[in-house]
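*Asks:* sequence and predicted structure below; questions after.
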Amino acid sequence: MILSDGTIRQMIDDGQLKCILPQGETIDDIASHIVCASFDLRLGNEIKFFPKLEWVILNPFTTDSKSITEIKHYADDEDIIIQPGEFLLWATKERFGLPANIVGRVEGRSSIARLWLLIHITAWFIDPWFWRDGPSTITLEICNINAVPIVIRPGMRICQIAFETMDADAATPYNVKGNAKYNGQISPQESRLYVSG
């Protein structure tokens, strides 16, 4: 069952859904981001990208992606131009921690999709108990598949997360898995396929 806007807000207020916002913000400040059956997420201020390098082959079974990616920081509302075909890893401003019986599903927003900007490519599923040391950001895999450059800005509402209840608590939630590669992330995280499991 997908959680409604009222249930999402109540679960955040009750502490069942952990939602950590940037310093100085409260859930009341962004209450309008909880819409119908989802929570709108905003772009954070840090991106990772793969620079164009000649004679480089990306091997996901090594730490190549970590050593190749570069990081840039941007201010809120600063224009960032994404070129056609460009791919970025970008973390959300919001950090979430899910209980053992809730999964999250990251979806694009229609207004963004109509620009031909892909937001999460294929990795939309957020496991129950997605946190270890604390709520985690969600890394968005953003790609411009338009024929023209697109402007986006940190702080803009870029996608949404819907929450669904499971029939029972997960027997092995994400935070106790030995190979929970992305748990506890607070910045964009490149592929960790090289981690066993």
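*Replies:* Perfect, I can see it now.
*Asks:* which residue lies nearest the spatial centre of the chain?
*Replies:* Among the residues of the chain, I138 comes closest to the average C-alpha position under Cα atoms, centre = their mean, at 2.5 Å.
*Asks:* correct me, but that residue touches I161?
*Replies:* Yes: here I138 reaches I161: they are 7.2 Å apart, a contact under Cβ atoms under 8 Å. For glycine as for every other residue, the C-beta is placed from the backbone atoms N, C-alpha and C.
*Asks:* what touches both of the two?
*Replies:* Residues touching both I138 and I161 (Cβ atoms under 8 Å, 6 or more residues apart in numbering): L41, F96, G104, V106, I126.
*Asks:* other residues contacting stretch 21-35?
*Replies:* Identification of contacts with stretch 21-35 by Cβ under 8 Å, 6+ apart yields 5, 8-9, 12-13, 19, 39-42, 93-94, 157, 160.
*Asks:* what comes up buried for stretch 34-48?
*Replies:* Across stretch 34-48, burial judged by 16 or more other Cβ atoms under 10 Å covers I34, S38, F39, D40, L41, R42, L43, G44, N45, E46, I47, K48.
*Asks:* can I assume I8 sits in a strand?
*Replies:* No: if the criterion is DSSP: H, G, I helix; E, B strand; the rest coil, then I8 is helix and not within a strand.
*Asks:* so what's it up against?
*Replies:* Contacts of I8 by Cβ under 8 Å, 6+ apart are L17, I34, S38, F39, F163.
*Asks:* which one in the residues you listed is the model shakiest on?
*Replies:* Across these, the bottom pLDDT score, 92, is held by L17.
*Asks:* that residue contacts Q10, correct?
*Replies:* No: look at L17 against Q10 with Cβ under 8 Å: they stay out of range, at 9.1 Å.
*Asks:* closest one of the shared contacts of I138 and I161 to A147?
*Replies:* V106 (25.6 Å; Cβ to Cβ).
*Asks:* what's the pLDDT at that closest one?
*Replies:* 93.
*Asks:* what does W131 give?
*Replies:* Reported pLDDT for W131: 68.
*Asks:* just the buried residues of stretch 34-48 now: which is nearest S111?
*Replies:* D40 (10.8 Å).
*Asks:* tell me the SS of the closest one?
*Replies:* Put simply, D40 is strand when judged by three-state DSSP.
*Asks:* that one pairs with what?
*Replies:* As for beta bridges, D40 partners with Q160 under DSSP bridges.
*Asks:* fine by me, thanks again.
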